[in-house]
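Engineer: Need coordinates for the following:
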Amino acid sequence: MMYFYFYLIAFSLMGYGFILSIYLRLSVNNFGSLGLLGIINLAIISYLTSLFINHGQIFNFIILLIGITSFFFNLRKFKNLKKELIYFFLIFSLLLLFISIGKNHDDFPYYHFPYIQLLTDYSHPLGLGQLNNGFRSPSSIFFISSLFFLPKIGIYLFHITPAFIMGFANIIFLKNILDKGLFQKEKMISFLSLLFFIFINVFFYRLSEHGTDRSGMILVLLSILFLIALINNQKNSFQETKINEELMKMIIILICFAATIKPYYLINFSIFLLFVFFEHTRKIFLSLFFSRTFYVCLSLIIFTIFFTFINSGCLIFPITVTCFENLAWSLDKGLISQTNVWFELWSKGGAGPNYTVEERLEYISGLNWLSNWFEKYFFNKVFDFLIGILILSFILFLDFFNNYNSNKLIQKN
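Structural biologist: Model prediction:
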């Protein structure tokens, strides 16, 4: 039953992607982009409806049917439907192993599952941050997952949202890799698609690593890919301008959605500065202000801030200057400050599952943390990660370099 629903939900997500693409006036020509747009659309629906009703099985089943109906109704728009279906079933059949083998993320029983379960039982209450530290800055993934509480399967699909994000991203990468026309025009895009495809499937292949962080990283990688295509395409023809506009819309939507997954992905808004820097993108970017794309992006950010606020009394948790003390559900500012210190302590290697340094404030001040961070964190996680990326890049470079030299020799002969 889980596998059956896995495909049904994927079709439904693409159906909601059709709906959002029509609203945004996007000419989406692949299942991957449709699926990601559908996930974003479903996030907005879940945010809005959770304020008024619980996401029970009947409600969720109706949501599922609407998406499936939209998908099959719009299938006729695809010219290369057979190829898209091949990509889809290839990727999603492999993902069945991804969701079946191994355990969930370590934080799943701590606050992912309880938050999702709560949304299926009640409309969203005030002050959830009083119950659990993980509830204070909720991820959009929790809201999306609450819509997967369906008849005959119950709670057993709460963990699969990251699989959909990874699956639809893989379809986009794979299509770029196998597109010979794209390779002739934009070899860099084909090469980066191959690099990103191998990267996420080698380094992110375990479901236990997909809390919320990995999904945001995948979205950022896709945004970088679209951004490079946008920057490289400097032609001023009507057709090329239309392509650039659609690329920019996708980048904006993906970056805004990534910010709903984890607050620190807000830093990726700096990408928008590049739109102003390049002459051929500046006009398009400015024209999108107060457009439909702008309002979708704004709604995602507003919902994220709103639910953080009604959970903790802060606009951005745990930044104390954004917190309000006089609300009935507000957290104590002393507790918020302690949480802020804890987050910084953890990121600087001063705390882990089995240890915590004693003098916390002294440890995180200045560069006191640096030597311990190298010992506890860098050489255990960052170093291995960087070595893996370098080896992967080196292997791909050698392969492309040899093929490039072989082609030059053939042409010369």
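
Engineer: so residue 343 makes contact with residue 336?
Structural biologist: No. The pair residue 343 / residue 336 is not scored as a contact, 10.7 Å apart, by C-beta atoms under 8 Å. Just so you know, the C-beta spots here come from the backbone N, C-alpha and C atoms, and that holds for glycine as well.

Engineer: out of the two, which sits in the busier spot?
Structural biologist: residue 336 (23 against 16; other C-beta atoms under 10 Å).

Engineer: and the residue nearest to residue 26 when sequence neighbours are not counted, how many neighbours does it have?
Structural biologist: Distances taken as C-beta to C-beta, 6 or more residues apart in numbering place residue 246 nearest to residue 26, at 5.6 Å, with adjacent residues excluded. A count of neighbours around residue 246, defined by other C-beta under 10 Å, yields 21.

Engineer: would residue 246 count as being in a strand?
Structural biologist: No. With DSSP: H, G, I helix; E, B strand; the rest coil as the criterion, residue 246 is helix rather than part of a strand.

Engineer: what's the distance between the closest residue to residue 282 other than its chain neighbours and residue 226?
Structural biologist: If the residues on either side of it in the chain are set aside, residue 282 comes closest to residue 276, at 5.4 Å by C-beta to C-beta, 6+ apart. Taken as C-beta to C-beta, to the nearest Å, the spacing of residue 276 relative to residue 226 amounts to 17 Å.

Engineer: Between the two, tell me which one has more neighbours.
Structural biologist: Using other C-beta under 10 Å, the more surrounded residue of residue 276 and residue 226 is residue 226, with 22 against 11.

Engineer: would you put the C-alpha positions of the helix or strand harbouring that one in PDB?
Structural biologist: Counting by DSSP states H and E, the element that carries residue 226 is helix 213-232. Listed in PDB are the C-alpha atoms of helix 213-232, where the atom choice follows Å, rounded to 0.1, in the frame of the first residue of the first chain:
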ATOM      1  CA  ASP A 213      18.700  20.200   5.800                       C
ATOM      2  CA  ARG A 214      19.400  17.900   2.800                       C
ATOM      3  CA  SER A 215      16.200  18.900   1.000                       C
ATOM      4  CA  GLY A 216      17.100  22.600   1.200                       C
ATOM      5  CA  MET A 217      20.600  21.900  -0.100                       C
ATOM      6  CA  ILE A 218      19.100  20.000  -3.100                       C
ATOM      7  CA  LEU A 219      16.900  23.000  -3.900                       C
ATOM      8  CA  VAL A 220      19.900  25.400  -3.600                       C
ATOM      9  CA  LEU A 221      21.900  23.200  -6.000                       C
ATOM     10  CA  LEU A 222      19.000  23.300  -8.500                       C
ATOM     11  CA  SER A 223      18.800  27.100  -8.100                       C
ATOM     12  CA  ILE A 224      22.600  27.400  -8.800                       C
ATOM     13  CA  LEU A 225      22.100  25.300 -12.000                       C
ATOM     14  CA  PHE A 226      19.300  27.500 -13.200                       C
ATOM     15  CA  LEU A 227      21.200  30.700 -12.200                       C
ATOM     16  CA  ILE A 228      24.300  29.700 -14.300                       C
ATOM     17  CA  ALA A 229      22.000  28.900 -17.300                       C
ATOM     18  CA  LEU A 230      20.400  32.300 -16.800                       C
ATOM     19  CA  ILE A 231      23.700  34.200 -16.600                       C
ATOM     20  CA  ASN A 232      25.100  32.500 -19.600                       C
END
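
Engineer: follow-up on the earlier one: what pLDDT does the residue nearest to residue 282 get?
Structural biologist: At residue 276 the predicted local confidence, pLDDT, stands at 85.

Engineer: Same check on the one 4 residues further on?
Structural biologist: Residue 280 is assigned 83 on the pLDDT scale.

Engineer: okay, now it: neighbour count?
Structural biologist: Residue 280 is surrounded by 16 other residues when neighbours are defined as other C-beta under 10 Å.

Engineer: counting contacts, what elements does the helix or strand hosting residue 182 pack onto?
Structural biologist: Assessed by DSSP H and E, residue 182 sits inside helix 180-185. Packing contacts for helix 180-185, counted by 3 or more C-beta pairs under 8 Å, 6 or more residues apart in numbering; DSSP states H and E, involve helix 187-203.

Engineer: name the helices or strands packed onto the helix it packs on?
Structural biologist: For helix 187-203, the helices and strands in contact under the criterion 3+ C-beta pairs under 8 Å, 6+ apart are helix 161-178, helix 180-185, helix 213-232, helix 383-412.

Engineer: list the buried ones in that helix?
Structural biologist: Taking 16 or more other C-beta atoms under 10 Å as the neighbour-count basis, helix 187-203 is seen to contain the buried residues 189, 190, 191, 192, 193, 194, 195, 196, 197, 198, 199, 200.

Engineer: okay if I get those as JSON lines plus distance to residue 259 and pLDDT?
Structural biologist: Output for these, formatted as JSON lines (distance: C-beta to C-beta, whole Å; pLDDT from 0 to 100):
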{"residue": "189", "distance to residue 259": "25", "pLDDT": "88"}
{"residue": "190", "distance to residue 259": "29", "pLDDT": "87"}
{"residue": "191", "distance to residue 259": "28", "pLDDT": "86"}
{"residue": "192", "distance to residue 259": "23", "pLDDT": "88"}
{"residue": "193", "distance to residue 259": "24", "pLDDT": "91"}
{"residue": "194", "distance to residue 259": "28", "pLDDT": "89"}
{"residue": "195", "distance to residue 259": "24", "pLDDT": "88"}
{"residue": "196", "distance to residue 259": "20", "pLDDT": "90"}
{"residue": "197", "distance to residue 259": "24", "pLDDT": "92"}
{"residue": "198", "distance to residue 259": "27", "pLDDT": "89"}
{"residue": "199", "distance to residue 259": "22", "pLDDT": "88"}
{"residue": "200", "distance to residue 259": "20", "pLDDT": "89"}
